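Asks: make a model of this:
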Amino acid sequence: MKEVKDEELFALIASGKKVVCDFWADWCGPCRMLAPVMEKLSGQFGEIAEFVKINIDVNPEAAMKYNVMSIPTVIIFENGEVKHKNVGFMPEEVMREYFAANL
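Replies: Numbering: from 1, shown residues only. Below you'll find the predicted structure:
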């Protein structure tokens, strides 16, 4: 998964592509638990959507714009808009089902 900055994320979303963004921070334990799950699933669903992650401590603009109040938050963007938003850790099997149903 590619780590992006605010401007890169905004450009990807504006392009109209399907984008899956993991909002996270270094100090967040559940974020560290979710990271390998997201990495693995990005390989499985990478042809359907572009998977990226953004550190909210370094890039707070995107978190503010998309009302990310808790992390980890995974947002699926489609056609420039938020399609689905999930807050909190989900195990790999549950996250796989979530992506299969929403991508």
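
Asks: for the spatially most central residue of the chain, phi and psi?
Replies: Residue closest to the average C-alpha location in the chain (CA atoms, centre = their mean): C21, at 2.0 Å. Note on C21: its backbone torsions stand at phi -120, psi 130 [degrees, to the nearest 10].

Asks: tell me who's in contact with it.
Replies: Residues in contact with C21, defined by CB atoms under 8 Å, 6 or more residues apart in numbering, are 4, 9, 51-54, 62, 74-75, 77. Yep, even glycine has a C-beta here, placed from its N, CA and C like the rest.

Asks: likewise for A62?
Replies: A62 neighbours (CB under 8 Å, 6+ apart): 6, 9-10, 21, 23, 54, 56, 68.

Asks: ok, of those residues, which come out buried?
Replies: Burial by neighbour count, judged by 16 or more other CB atoms under 10 Å, picks out 6, 9, 21, 23, 54, 56, 68 from those.

Asks: same list (those) but as JSON lines, adding secondary structure.
Replies: JSON lines is the format used below for the buried ones among the contacts of A62 (DSSP: H, G, I helix; E, B strand; the rest coil):
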{"residue": "D6", "secondary structure": "helix"}
{"residue": "L9", "secondary structure": "helix"}
{"residue": "C21", "secondary structure": "strand"}
{"residue": "F23", "secondary structure": "strand"}
{"residue": "I54", "secondary structure": "strand"}
{"residue": "I56", "secondary structure": "coil"}
{"residue": "V68", "secondary structure": "coil"}
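
Asks: which of the contacts of C21 fall within strands?
Replies: Counting by DSSP state E, the contacts of C21 place 51-54, 74-75, 77 in strands.

Asks: CSV please, covering those and showing distance to S15 and pLDDT.
Replies: Listed next are the ones in strands among the contacts of C21 as CSV, based on distance: CB to CB, whole Å; pLDDT from 0 to 100:
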residue, distance to S15, pLDDT
F51, 15, 98
V52, 12, 98
K53, 18, 98
I54, 16, 98
V74, 19, 98
I75, 15, 98
F77, 10, 97
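
Asks: and the furthest pair within those residues?
Replies: The distance between the two most remote of the ones in strands among the contacts of C21 (CB to CB) is 13.5 Å, for K53 and F77.

Asks: just to revisit the earlier point, next, format the contacts of A62 as JSON lines and append distance to V82.
Replies: Listed next are those as JSON lines, based on distance: CB to CB, whole Å:
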{"residue": "D6", "distance to V82": "16"}
{"residue": "L9", "distance to V82": "12"}
{"residue": "F10", "distance to V82": "13"}
{"residue": "C21", "distance to V82": "10"}
{"residue": "F23", "distance to V82": "12"}
{"residue": "I54", "distance to V82": "14"}
{"residue": "I56", "distance to V82": "16"}
{"residue": "V68", "distance to V82": "11"}
